[in-house]
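With the input below, show me the fold.
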Amino acid sequence: MSEPLRVLGIEGTAWAASAAVYDEDADADPVFIETDAYQPESGGIHPREAAEHMSDAIPRVVETALADADGPIDAVAFSQGPGLGPCLRTAGTAARALAGTLDVPLVGVNHMVAHLEIGRQRSGFSSPVCLNASGANAHVLGYRNGRYRVLGETMDTGVGNAIDKFTRHLGWSHPGGPKVEEAATDGEYLDLPYVVKGMDFSFSGIMSAAKDATDDGRAVEDVCYALQENVFAMLAEVAERALSLTGSDELVLGGGVGQNARLREMLATMCDQRGADFFAPEPRFLRDNAGMIAVLGAEMLRAGDTLEIEDSAVDPNFRPDEVAVAWRDPDESVARWREPGERVQGAEATVDVGAETVTKRRLPKRYRHPELDARLRRERTVLEARLTSEARRHGVPTPVVYDVDPQEGTLVFERVGEADLRDALAVERVRAVARHLAAVHGAGFVHGDPTTRNVRVGDRTYLIDFGLGYYTDDAEDYAMDLHVFGRSLAGTSDDADRLGLEFEDAYAAAGDDPAGVDADAVLDRLREVEGRGRYQ
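The predicted model follows:
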């Protein structure tokens with residue numbers, strides 16, 4: 001199918017009843033979008049009211065979009081999920097009826113993948129890291145081996161929903177994000193929780209603290225300002241960790257929260273500081289819209305990825321990593337391997353490698369508020385030195401710590417290994433990582449960021465970079481270490497599933513020591529963590 005396509009898109013996942021026509025043969029703007037947004041009178045989105053709005057509005061927006069079409073429609077694409085079930089079903093019913101009436105193919109589009117693809121296509125980037133920040137979601141993803149792989153995500157609530165929970169506490173109407181952004185312009189910084197676990201993040205703690213701060217009389221403007229500074233810094237940090245893990249130098253932003261100017265500023269600053277390229281689509285493609293559904297629908301149509309009516313049921317829990325990406329070359333990958341001797345920049349620090357020592361400097365991050373940045377650099381430098389030495393005392397191969405300067409964020413280590421595990425993956429090395437993590441957990445602390453970039457290999461397998469580690473006796477914290485390592489395998493290995501099984505088998509075997517970690521309890525909790533992702 002090589003002729004220019006004209007595709008009707010229908011979006012109806014939550015609040016936006018939207019229809020669009022994507023016309024590849026258009027002389028000017030190829031995407032026409034008509035949207036009728038649901039606005040609750042108070043509080044957040046009410047699913048029943050949203051579905052009623054969808055039923056009323058979709059016929060109108062579809063009629064307007066079709067009226068703008070300059071010729072016949074070649075296919076109808078619709079948002080198949082994720083989203084609110086009643087809204088999805090309304091949009092799906094309309095799409096099926098239209099496809100049947102027009103006698104054209106039906107295309108089911110994953111709403112989240114559409115957010116990623118519209119940014120990738122409009123940026124011109126080849127295979128970027130994608131940060132999706134929307135109401136119900138927060139993901140960092142990259143394309144590899146035929147699918148978008150989740151490198152990191154929220155473990156409790158989406159970033160937009162988290163902000164909305166705070167604004168509902170204040171009695172503000174939906175959506176809360178723009179109101180927080182406006183209030184923050186007159187605010188001053190105050191300390192709030194900052195939670196990054198490898199490349200995952202959690203927003204529940206900071207939202208509770210923000211509510212408590214306003215209840216205790218802190219100025220709403222200050223809380224809004226600090227909320228943005230911390231939440232968006234968490235997103236920027238995890239995006240940078242994904243860039244470092246994969247070796248990519250391209251970042252694309254998607255999702256409605258991406259309309260926030262401060263978030264875009266942070267991401268642009270982070271990318272500029274590390275020499276990466278950043279792209280955010282125009283606002284009409286960031287908020288929920290049918291334009292991205294139509295554009296991706298055209299790509300899927302060309303790839304022959306269409307649906308029969310009986311196979312077109314909506315899925316409120318449709319994860320982006322469940323989508324078989326038939327429209328892209330399976331050999332494309334977010335992971336990049338540098339030439340020998342080419343400089344590789346870490347997520348947190350610059351590293352100077354000498355003949356026998358390695359000097360690690362946590363330089364100030366310009367995207368973070370200075371008070372937050374100074375605190376994180378100091379705390380992580382101290383913890384890295386302490387936990388590196390603690391792990392070594394418990395038999396885990398780590399570099400010797402020669403010198404520490406917490407105020408400057410500088411550490412001097414023994415040089416160990418010949419390569420990162422990412423560049424020399426092998427079964428026995430992965431099994432060694434599992435044994436080392438079991439030993440660390442048995443000693444009562446976590447690594448915090450055990451990725452294939454934070455393991456050095458040579459004659460032995462060494463754990464490095466304990467800067468996100470902390471003392472704990474909670475099986476869930478130990479499970480998060482395993483979860484982070486598994487995600488890093490998915491983002492950097494062609495054989496991630498097999499290596500993941502070997503890793504878990506070695507961790508379970510290490511738990512046979514009566515004095516060590518309860519590996520069975522940790523692996524059981526890992527299954528819970530994996531099932532707790534936003535759409536499971």
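
what's next to the strand or helix carrying Glu390, contact-wise?
Element membership of Glu390, judged by DSSP states H and E, is helix 370-393. Helix 370-393 is contacted from outside by 189, 191, 194, 229-230, 233, 348, 362, 364-365, 368, 398-401, 404-407, 409-411, 413, 436, 439-440, 443, 445, 447, 463-470, using C-beta atoms under 8 Å, 6 or more residues apart in numbering. Backbone N, C-alpha and C define where each C-beta goes, glycine included.

Could you report the neighbour count for the spatially closest residue to Gly119 that is not a sequence neighbour?
Once flanking residues are discounted, Gly119 sits nearest to Val252: 3.8 Å by C-beta to C-beta, 6 or more residues apart in numbering. Counted with other C-beta atoms under 10 Å, the neighbours of Val252 add up to 28.

so what strands line up beside the helix or strand hosting Arg456?
Assigned by DSSP H and E, Arg456 falls within strand 455-457. Applying DSSP bridges, strand 455-457 is found paired with strand 419-420 (antiparallel), strand 461-463 (antiparallel).

Turn these into a markdown table, including mean pLDDT, mean neighbour count and distance to Ala515.
Listed next are these as a markdown table, based on pLDDT from 0 to 100; neighbours: other C-beta atoms under 10 Å; distance: least, C-beta to C-beta, whole Å:
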| stretch | mean pLDDT | mean neighbour count | distance to Ala515 |
| --- | --- | --- | --- |
| strand 419-420 | 93 | 16 | 31 |
| strand 461-463 | 98 | 25 | 20 |
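
could those be laid out in a markdown table, adding distance to Arg429?
Converted to a markdown table, the strands paired with strand 455-457 look like this (distance: least, C-beta to C-beta, whole Å):
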| stretch | distance to Arg429 |
| --- | --- |
| strand 419-420 | 10 |
| strand 461-463 | 5 |
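
Glu502 contacts Arg431, doesn't it?
Yes - with contact defined as C-beta atoms under 8 Å, Glu502 reaches Arg431; the gap is 5.6 Å.

chain center to stretch 488-507, what's the gap?
20 Å (C-alpha atoms, centre = their mean, to the nearest Å).

what does stretch 395-411 give?
Counting by C-alpha atoms, centre = their mean, stretch 395-411 comes out at 30 Å from the chain centroid.

start to end distance for it?
One end of stretch 395-411 sits 21 Å from the other (C-alpha to C-alpha, to the nearest Å).

quick one, strands of the stretch 301-450 of the chain?
350-353, 357-361, 401-405, 410-414, 419-420, 445-446 (DSSP state E, counting those that start in this stretch).

okay, the angle between the fourth one and helix 370-393?
The reference is to strand 410-414. Strand 410-414 and helix 370-393 are oriented at 20 degrees to each other (axes from the mean of the first three to the mean of the last three C-alpha atoms, to 10 degrees).

Just the buried ones from the contacts of helix 370-393, in ChimeraX syntax?
In ChimeraX, a selection of the buried entries from those looks like this (16 or more other C-beta atoms under 10 Å):
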select :194,229,230,233,348,362,365,368,398,399,401,404,406,409,410,411,413,436,439,440,443,445,447,463,464,465,466,467,468,469
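
Could you list the domains of this protein?
Here the domain parsing of the chain from automatic domain parsing is 6-117+286-322, 124-281, 350-531.

Out of the contacts of helix 370-393, which sit inside helices?
229-230, 233, 436, 439-440 (DSSP state H).

So which bits of stretch 115-130 are buried?
By neighbour count on 16+ other C-beta under 10 Å, the buried set for stretch 115-130 is 115-123, 125, 127-130.

ok so, going back, show me how far the helix holding Glu390 is from its chain's centre.
25 Å.

and the angle from it to strand 401-405?
160 degrees.

I'd like the mean pLDDT over helix 370-393, please.
Averaging pLDDT along helix 370-393 yields 97.

Stretch 133-141 now?
Regarding stretch 133-141, the rounded mean pLDDT is 89.

Could I get the contacting residues of Ala347?
Counting by C-beta under 8 Å, 6+ apart, Ala347 has contacts 237, 240-241, 243-245.

in the stretch 401-536 of the chain, which ranges drop under the pLDDT threshold?
Counting by pLDDT under 70, the ranges of the stretch 401-536 of the chain that qualify are 532-536.

got it, and the stretch 251-400 of the chain?
Checking the stretch 251-400 of the chain against pLDDT under 70 turns up 337-345.

Count the residues that sit near the closest residue to Gly500 other than its chain neighbours.
Of all residues beyond its chain neighbours, the one nearest Gly500 is Gly486 (5.1 Å), with distances taken as C-beta to C-beta, 6+ apart. Neighbour count of Gly486, defined by other C-beta under 10 Å: 19.

wait, doesn't Gly486 sit right on Glu502?
No - counting by C-beta under 8 Å, Gly486 stays clear of Glu502, with 11.4 Å between them.

before we move on, the earlier item: so for Glu11, which of the strands paired with strand 455-457 sits nearest?
strand 419-420 (41.4 Å; C-beta to C-beta).

I would like the residues contacting that closest one, please.
Contacts of strand 419-420 (C-beta under 8 Å, 6+ apart): 452-453, 455-458.

that older thread, any chance of the domains of the chain in TSV, plus distance to Arg336?
Shown next, in TSV, are the domains of the chain (distance: least, C-beta to C-beta, whole Å):
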stretch	distance to Arg336
domain 6-117+286-322	18
domain 124-281	4
domain 350-531	10
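
residue contacts, Pro450?
Going by C-beta under 8 Å, 6+ apart, Pro450 touches 198, 433, 437, 463, 481, 484-485, 488.

Now it: closest residue in space that isn't a chain neighbour?
Phe485 (4.7 Å).

How about Gly255?
Nearest to Gly255 is Ser134, by C-beta to C-beta, 6+ apart, at 3.2 Å.

Report how many residues lie close to the one you found.
Ser134 has 24 neighbouring residues, counting by other C-beta under 10 Å.

So Ala162 is in contact with Phe203, correct?
Yes - with contacts counted by C-beta under 8 Å, Ala162 reaches Phe203, the gap being 3.9 Å.

Just the closest of the contacts of Ala347 to Ser173, please.
Using C-beta to C-beta, the contacts of Ala347 come closest to Ser173 at Glu237, 30.8 Å.

Just list the residues touching that closest one, thanks.
The contact partners of Glu237, by C-beta under 8 Å, 6+ apart, come to 196, 347, 365, 368.

now, which of the residues you listed sits nearest His53?
Val196 (36.7 Å).

Look up how far Ala347 lies from that closest one.
Distance of Val196 to Ala347, given as C-beta to C-beta, to the nearest Å: 10 Å.

go on, Pro72?
As judged by C-beta to C-beta, Pro72 and Ala347 stand 50 Å apart.

what does Ser248 give?
Applying C-beta to C-beta, the value for Ser248 to Ala347 is 12 Å.

isn't Cys203 right next to Val231, touching?
Quick fix: residue 203 reads Phe, not Cys. Yes - the criterion here is C-beta under 8 Å, and Phe203 meets it with Val231 at 6.6 Å.

Now the common contact residues for those two.
Taking C-beta under 8 Å, 6+ apart as the criterion, Phe203 and Val231 both touch 159, 162.

For the spatially closest residue to Arg96 that is not a sequence neighbour, give me its contacts.
In this structure, Arg96 finds its nearest non-sequential neighbour in Ile309, 5.7 Å apart by C-beta to C-beta, 6+ apart. The contact partners of Ile309, by C-beta under 8 Å, 6+ apart, come to 96, 99-100, 106.
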